[in-house]
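S.K.: Need the 3D shape of this:
(one chain, ligands or ions: 2)
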Amino acid sequence: MEQTEINNQKLVEEIAKRIREILELLGENPEREGLRETPERVARALLEMTSGLRTPAPQMKVFNLNEDGIKYEENQIVIVRDINFSSLCEHHMLPIIGKIHVAYIVGDEGKVAGFSKIIRIVNYYASRLQIQERLVEQVAEAIMNSDIKPKGVMVIGNALHMCSYVRGVKDREAKLVSVAYRGVFKSNKSLRNHVFRLLDNTNKVNLL
Ligand SMILES: Nc1nc2c(ncn2[C@@H]2O[C@H](COP(=O)(O)OP(=O)(O)OP(=O)(O)O)[C@@H](O)[C@H]2O)c(=O)[nH]1
Ligand SMILES: [Zn+2]
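M.R.: Ligands and ions are numbered 1, 2, ... in the order given. Below is the predicted model of the structure:
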């Protein structure tokens, strides 16, 4: 889907035309050799980085814990940690680069999500103009409403915002941390703390 769009030559040319104008307004010569192909490259990059706006949401792949006939204790906590993501801030269209951790509590039906699908959901909502706080909410909402029917979802974002890094305040250290809660995490503070502790502890265990 994404690839088709990037190869949509008409759309690429429409965007590239405007990028050429911007280069001129910046005092550049878009005809010089090094810049000749730049407008098309920028157009393709913009289409790639905003592909989530124009493509359907990824399908959730569901696996059943209880397939062996045993009804396991519900409440297993699943964490997909260190999902690297990049997005574009909607204020400056500059990159947001960081990590997202997704935790969920398995629901009564014992359904769990395909590992990669959680990563795909993060990438899908990141591939558009965003603010980080909305991104973690959208990911939490999508997983909470998915076919795994979890009891709760927690999505933690931790990222550098290039609009504050390379321009403006130019702070190279400041990161934005944002957390979205759904279901049981909303009211259960000790469960939330448990997830934070698990993240902290698994961070120290270097398995590979
Ligand atoms: N809360 C939040 N703010 C963001 C995010 N991305 C960018 N921003 C902020 O959006 C704000 C836009 O503020 P403005 O004052 O309109 O823009 P500006 O003049 O470029 O601001 P400075 O960056 O302070 O120079 C800035 O404070 C950015 O740091 C985000 O994901 N979440
Ligand atoms: Zn910004």
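
S.K.: Is any residue of the longest strand seen in the chain near ligand 1?
M.R.: Taking DSSP state E as the criterion, the chain has its longest strand at strand 77-89. Yes - Strand 77-89 is in contact with ligand 1 by CB under 6 Å from any ligand atom, via Cys89. For every residue, glycine as well, the C-beta is placed using N, CA and C.

S.K.: Pull up the pairing partners for that strand, direction included.
M.R.: Next to strand 77-89 in the sheet, as set by DSSP bridges, lie strand 95-105 (antiparallel), strand 129-130 (parallel).

S.K.: what about the very next helix or strand once past the shortest one, near ligand 2?
M.R.: Beyond strand 129-130 in the direction of the C-terminus, DSSP states H and E gives the next helix or strand as helix 132-144. No - residues of helix 132-144 contacting ligand 2 under CB under 5 Å from the ion: none, with a closest distance of 10.0 Å.

S.K.: any idea how far the helix or strand harbouring Glu21 is from the chain center?
M.R.: Taking DSSP H and E as the criterion, Glu21 maps to helix 9-25. Distance, stretch centre to chain centre, for helix 9-25: 27 Å (CA atoms, centre = their mean, to the nearest Å).

S.K.: ok, back up a step: now render the strands paired with strand 77-89 as a markdown table, adding mean pLDDT.
M.R.: As requested, the strands paired with strand 77-89 are exported to a markdown table (pLDDT from 0 to 100):
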| stretch | mean pLDDT |
| --- | --- |
| strand 95-105 | 98 |
| strand 129-130 | 98 |
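
S.K.: Including mean neighbour count and distance to ligand 1, could those go into a markdown table?
M.R.: Below are those laid out as a markdown table (neighbours: other CB atoms under 10 Å; distance: least, CB to the nearest ligand atom, whole Å):
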| stretch | mean neighbour count | distance to ligand 1 |
| --- | --- | --- |
| strand 95-105 | 22 | 6 |
| strand 129-130 | 18 | 6 |
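
S.K.: what are the ranges of the helices in this protein?
M.R.: Taking DSSP state H, the helices of the chain run over residues 2-6, 9-25, 38-49, 115-126, 132-144, 162-165, 184-187, 189-204.

S.K.: Now tabulate those in a markdown table and tack on mean pLDDT.
M.R.: Compiled in a markdown table, those are given as follows (pLDDT from 0 to 100):
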| stretch | mean pLDDT |
| --- | --- |
| helix 2-6 | 57 |
| helix 9-25 | 97 |
| helix 38-49 | 98 |
| helix 115-126 | 98 |
| helix 132-144 | 98 |
| helix 162-165 | 98 |
| helix 184-187 | 97 |
| helix 189-204 | 92 |
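
S.K.: and ligand 1, which of these is closest to it?
M.R.: Nearest to ligand 1 among the helices of the chain is helix 132-144 (3.7 Å), distances taken as CB to the nearest ligand atom.

S.K.: list the buried ones in the closest one?
M.R.: By neighbour count on 16 or more other CB atoms under 10 Å, the buried set for helix 132-144 is Gln132, Arg134, Leu135, Val136, Glu137, Gln138, Val139, Ala140, Ala142, Ile143, Met144.
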